[in-house]
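1. Here is a sequence with its predicted model. Questions after.
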Amino acid sequence: MRNILDIWPAILLGWPAILVAIGLAVSGIVHSKPRRPLIAAILVLPISLYLAGSPRFGWLGMSIPVLLSGASIAIYCHYNKVAWFLLVPFVGTFGWLAMVVVSE
């Protein structure tokens, strides 16, 4: 049996964190709760730092938490459509990354 300390990097930097962040961001927009996308931005921060270090993503990796924070501000100001538009690059980036991982 594996110890939780052995698998925490995979949970923090892997697909569980991405899926939870997507769920938090979507539920935050649907239910008009600005804290949820903010929590998603904090949850995605380690993954974004990892992506920012790669030459393929660069600055795009660090824009993901900024866009989620912007979605949180948009929800707070009752601009839910803007929040949806700010969520699209986040879901699109990780959707594309999932397609690359599955095709390998």
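-> Yep, that arrived. Numbering: from 1, shown residues only.
2. mind listing what Gly58 touches?
-> Contacts for Gly58 were tallied using Cβ atoms under 8 Å, 6 or more residues apart in numbering; they are Ala52. Any C-beta I mention is one placed from the backbone N, CA and C, and that applies to glycine too.
3. ok, Ile47 to Thr93 distance?
-> 10 Å (Cβ to Cβ, to the nearest Å).
4. Report the secondary structure element holding Ser48.
-> For Ser48, the element it lies in under DSSP states H and E is helix 35-52.
5. Tell me which residues are up against that helix.
-> Contacts with helix 35-52, where a contact means Cβ under 8 Å, 6+ apart, come from 12-13, 17-18, 20-22, 24-25, 27-29, 57-62, 64-66, 68-69, 71-72, 75, 83, 87, 90.
6. before we move on, back to that, overlap in contacts of Ile47 and Thr93?
-> Residues touching both Ile47 and Thr93 (Cβ under 8 Å, 6+ apart): Ile64.
7. For the helix ranked longest in the chain, what is the distance to the chain centroid?
-> Longest helix in the chain, counting residues (DSSP state H): helix 80-103. Remark: helix 80-103 is offset 8 Å from the chain centroid, using Cα atoms, centre = their mean, to the nearest Å.
8. what pLDDT, on average, does that helix get?
-> For helix 80-103, the mean pLDDT works out to 92.
9. by contact count, what packs against that helix?
-> Here helix 80-103 touches helix 15-30, helix 35-52, helix 59-76, going by 3 or more Cβ pairs under 8 Å, 6 or more residues apart in numbering; DSSP states H and E.
10. got the ones you listed as JSON lines, with mean pLDDT and mean neighbour count columns?
-> Shown next, in JSON lines, are these (pLDDT from 0 to 100; neighbours: other Cβ atoms under 10 Å):
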{"stretch": "helix 15-30", "mean pLDDT": "93", "mean neighbour count": "18"}
{"stretch": "helix 35-52", "mean pLDDT": "92", "mean neighbour count": "19"}
{"stretch": "helix 59-76", "mean pLDDT": "92", "mean neighbour count": "19"}
